[in-house]
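In: output the structure for:
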Amino acid sequence: MQFLKILFWCLLAFVAALFTYGNWNTVPVRLWSGLIADINLPLLLLITFLAGLVPALVGSSWRRWRLRQRLAATEGALAQAQAALSPPAPVIVAHEPAIAPLHVTPATPDVPPDPA
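Out: Got it, this is the predicted structure:
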């Protein structure tokens, strides 16, 4: 797919070069106060193309940015609404394990054994 992209751009550059070579004429452009500017036709076409493309790109990027901001705000509101509607999580308190009672044998007095 990358090869096709490169081929397309090379073909487009070749066509643009052929157009430029075939139309390298100067065109008089009348400006304010009777000024006349002689501009090459390919340069004039490039300037007019960019004059139409740049505002469209700026408007498009601004619109995408605004939609992303609105989407983020909506997702935040949705998360808050879901948190408010969900039941509270049960509180689990960790207890120490119960200590088993020690089995203590009753103490016997030290009685000397019975001599018999």
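In: contacts, neighbours, all on C-alpha from now
Out: Noted.
In: gap between the residue nearest to Thr26 when sequence neighbours are not counted and Leu78?
Out: With sequence-adjacent residues excluded and distances taken as C-alpha to C-alpha, 6 or more residues apart in numbering, Thr26 is closest to Asn40, at 4.3 Å. Distance of Asn40 to Leu78, computed by C-alpha to C-alpha, to the nearest Å: 57 Å.
In: who has more neighbours, the two?
Out: Asn40 (15 against 12; other C-alpha atoms under 10 Å).
In: shouldn't the more buried one be in contact with Val29?
Out: No: the criterion here is C-alpha atoms under 8 Å, and Asn40 misses it with Val29 at 10.1 Å.
In: what residues does Pro55 make contact with?
Out: Shown in contact with Pro55 (C-alpha atoms under 8 Å, 6 or more residues apart in numbering): no residues.
In: for Ala77, grab the count of nearby residues.
Out: Ala77 has 12 nearby residues by other C-alpha under 10 Å.
In: relative to Ala13, how far out is the residue nearest the centre of the chain?
Out: The centroid of the chain falls nearest to Arg68 when counting by C-alpha atoms, centre = their mean (9.2 Å). Counting by C-alpha to C-alpha, the gap from Arg68 to Ala13 is 35 Å.
In: now Ile47
Out: The value you get for Ile47 to Ala13, if C-alpha to C-alpha is used, is 17 Å.
In: so where's the chain shaky on pLDDT?
Out: 89, 93-116 (pLDDT under 70).
In: which residues in the protein form strands?
Out: 26-30, 36-40 (DSSP state E).
In: okay, the ones you listed in CSV with distance to Ala73 next?
Out: As requested, the strands of the chain are exported to CSV (distance: least, C-alpha to C-alpha, whole Å):
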stretch, distance to Ala73
strand 26-30, 50
strand 36-40, 50
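In: right, and those - which one's nearest Leu53?
Out: Nearest to Leu53 among the strands of the chain is strand 36-40 (20.1 Å), distances taken as C-alpha to C-alpha.
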